[in-house]
Structure formats: structure tokens, C-alpha cells
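**Student:** what follows is a protein structure lacking sequence information:
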């Protein structure tokens, strides 16, 4: 690489080159303007060995050169060692720079690294009385390990583990840590094959609740959900109810009567004071109404509907079923309907009945039946 070139820059027709050079070997190349000319010539040079502080080269009277002219970093702006009496460390480099005062070992290189002892896992764990902080590279796991004073720990992992997971372990190994060591008498233990729990386990987070189960989505994220069958009810009309002719709606009133296989309120989601089912959580629910009425001598029409109000008692949904009954028909006095509803937590579901547009102007009597006999019933359960 050419550093400098000149033809007639000096006095008269002489050539003159003035340049600053870093330490190293340089060559002078001299050529004649006239390729056929011959004669003698003189080569004169003057060498000025002045220092260039901050070029990372320790020159002449420089004591150090750390590549800058900043004070306070161990090498001053004039390339003099700062606080030389306090420097006790060893500097390893190619430019004779002293160790930084804060370091016992200061290694500097721009094209090489540092190697610490390399050994397999068996050799590492066989080190006798390892010092706290001892660092090695394990060629079995291809990771760095240090000794914490009581256990070998993988750099970036959990104390005593490989890769941050659970080790093979030994019987009754404690799996509760204070940040440094394993703590004895933990409820969570590794039995050498599986993790076992002594006593009860508590999981915080999510929306836990009585009877709920912990489920997982496709990504492994866990959440609490109502267990199948944890929300279900079946209640009967507490007494006969009159549905007046003319379309006025009547809310049917239910009671459990005597608790039995046909009368239950699992999860206590049905409120007997308001005749409403109150959804304890969001999800799909199935509801069924069985309506029994006293027989009439002529045709009539009746509307039975599921009504849904939100948690603020604002009307949101109605699911009506219209039953036109012929006095001679086989469906006389018996109606059964089912609806699947997607509810939010706090939504209320109840039953309304009304009679309309029939020549028969008599009122319809909805029959309560009994705990052991067929009667008007309101049933439901959570699907998911």
C-alpha cells in the first residue's frame, strides 16, 4: 500500500515527502523521470520520533497508550500511567498496556479470546473441594458451570440443574430454594422419577372457585373452569299457577320442595327467591322447561319463553315457544322445550308464560304436580 508520493515538491526540482508514520517497516521506491537517463542521486531523510498519544501504540517516552486521550481510566491524556502505585494486576496484551487499576487480570485482544479449563461432567464433579466461584466449561453439556459453595450451578440455569430443568434427583430431594440452597422439609419433592406433593397444593392466579378444575389450552396456558356437573339444578313449581286469558305474562315460581334425585340445586346457581338461574361464569348452558296444565274443554294457545336478563336486570334475550293445543289432541296439557344459551357471568334466566288469541277465554292452570309425580319443572346445567 502506497503511503506517500512526490515529484517536484521540494526546492528546485527536488522531490520532498513529509508524513507521519506508525511503528513498522517501510520501503522507499525511487524512479527516474527519463527511463534512459543515468547518473547518481542522493536520498536524505530526517527521523522525528515524537509520540502520538491515543493511537494504541506505546512509543518512546509513553508509559501507556489505551487508544484514547481520556483521563481517569488508568492512562492519562498524555499517555502517562495514572495511580501507578495502585496497579497490582497483570495486563496481557500485545502493546504493553498496564492492567486497569480495577482489575487483577486485564486481557486485551481484538482477534483472540480466552479459554478456561474444559472437562466432562464426570471430571467436573470429581474436583476435590472446589472453591466457591470456581468456573469451568463442561464439554458434556457444552455450557459453563460455577460452584456456588454448595452445589454446581449451570450458568443461566437453576442451582443443581442442567439447562434449568429438574435433575434426575435422589429420593426426597427438596425442590424449594431460598435463592442459594435447597431448603429442607419442602412439601414439593423429587422422588428420583417424579415430582410429588405432600399435603395440599395451592395455585394462585386465574379465577379459582369452589369445585372448579384446572384445564389447559393448546399452548399449555392453564385456567380455572367449572367442573362438569358442578352447576346444575332441577326445581318444580311450588303450587298451581293461573295464566290469565288475554296475553298477560306470568313468571312461574319454583321451589325445591323436598330434596331428591329430581330436585336439586348443585352449585346454588338457582335463586328460589327470584325464580332465576344466575350464571356463575361465562359459557354455554342448557335449559329445559316441562309445562303441565289442567285440561280445558276447547282449544287454546300458550306462549312459554326463556327470558334472559343481564347482571343489571336489563332485558337482553327471549326464547319463546308457542304451543297451540287442540282439546282432542294428544299434546293436551303437556309442553317440553329445551334451549342452549351462551351466557355471561351474572346473566339471569327465568320462565314466563302467557295465553292468547283463542276462542276459549278460560284461564290456564299450570300444574305443580308433586315431588314424586310429573309436574311443571325448570331444569338446567352448564355445558362448558
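**Tutor:** Received the coordinates, thanks. Since the model is a prediction, treat every value here as computed from it, not as a measurement. Residues are numbered from 1 along each chain as shown.
**Student:** tell me which stretches of the stretch 251-384 of the chain form strands.
**Tutor:** Listed in chain order, the strands of the stretch 251-384 of the chain (DSSP state E, counting those that start in this stretch) span 254-255, 264-266, 270-271, 276-278, 283-292, 300-309, 315-325, 334-343, 348-356, 364-366, 377-382.
**Student:** distance to residue 204 added to those, as a markdown table?
**Tutor:** From N, CA and C alone the C-beta is placed, and that goes for glycine too. Listed next are the strands of the stretch 251-384 of the chain as a markdown table, based on distance: least, C-beta to C-beta, whole Å:
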| stretch | distance to residue 204 |
| --- | --- |
| strand 254-255 | 38 |
| strand 264-266 | 26 |
| strand 270-271 | 30 |
| strand 276-278 | 26 |
| strand 283-292 | 23 |
| strand 300-309 | 33 |
| strand 315-325 | 34 |
| strand 334-343 | 27 |
| strand 348-356 | 31 |
| strand 364-366 | 48 |
| strand 377-382 | 24 |
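**Student:** format those as TSV; extra columns: mean neighbour count.
**Tutor:** Converted to TSV, those look like this (neighbours: other C-beta atoms under 10 Å):
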stretch	mean neighbour count
strand 254-255	20
strand 264-266	16
strand 270-271	20
strand 276-278	22
strand 283-292	19
strand 300-309	20
strand 315-325	14
strand 334-343	16
strand 348-356	21
strand 364-366	22
strand 377-382	22
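**Student:** list the contacts for residue 121?
**Tutor:** 138, 140-141 (C-beta atoms under 8 Å, 6 or more residues apart in numbering).
**Student:** cutoff 6 Å now
**Tutor:** 138, 140 (C-beta atoms under 6 Å, 6 or more residues apart in numbering).
**Student:** backbone dihedrals for it, please?
**Tutor:** phi -60, psi -40 (degrees, to the nearest 10).
**Student:** so it versus residue 148, what's the distance?
**Tutor:** Counting by C-beta to C-beta, to the nearest Å, the gap from residue 121 to residue 148 is 17 Å.
**Student:** now the strands of the stretch 251-384 of the chain in CSV, with mean pLDDT and distance to residue 68?
**Tutor:** Output for the strands of the stretch 251-384 of the chain, formatted as CSV (pLDDT from 0 to 100; distance: least, C-beta to C-beta, whole Å):
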stretch, mean pLDDT, distance to residue 68
strand 254-255, 78, 87
strand 264-266, 89, 78
strand 270-271, 92, 79
strand 276-278, 94, 74
strand 283-292, 91, 67
strand 300-309, 87, 76
strand 315-325, 80, 73
strand 334-343, 90, 69
strand 348-356, 89, 76
strand 364-366, 80, 96
strand 377-382, 92, 72
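**Student:** looking at these, which is closest to residue 75?
**Tutor:** Ranking these by their distance to residue 75 (criterion: C-beta to C-beta) puts strand 283-292 first, at 71.1 Å.
**Student:** mind giving me the packing neighbours of that closest one?
**Tutor:** Using 3 or more C-beta pairs under 6 Å, 6 or more residues apart in numbering; DSSP states H and E, the elements in contact with strand 283-292 are strand 300-309, strand 334-343, strand 377-382.
**Student:** tell me how far that strand lies from the chain's centre.
**Tutor:** Remark: strand 283-292 is offset 39 Å from the chain centroid, using C-alpha atoms, centre = their mean, to the nearest Å.
**Student:** how about residues contacting it?
**Tutor:** By C-beta under 6 Å, 6+ apart, strand 283-292 touches 304, 306, 334-343, 351, 367, 375-384.
**Student:** I'd assumed residue 238 was in contact with residue 255.
**Tutor:** Yes: using C-beta atoms under 6 Å, residue 255 is in contact with residue 238, at 3.6 Å.
**Student:** ok so, going back, reformat the helices and strands packed on strand 283-292 as CSV; add distance to residue 72.
**Tutor:** Listed next are these as CSV, based on distance: least, C-beta to C-beta, whole Å:
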stretch, distance to residue 72
strand 300-309, 75
strand 334-343, 70
strand 377-382, 71
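**Student:** and the residue lying closest to residue 264 once chain neighbours are set aside, what are its bridge partners?
**Tutor:** Distance criterion C-beta to C-beta, 6 or more residues apart in numbering; nearest residue to residue 264, sequence neighbours excluded, is residue 234 at 5.7 Å. Beta-bridge pairing for residue 234 (DSSP bridges): residue 264, residue 379.
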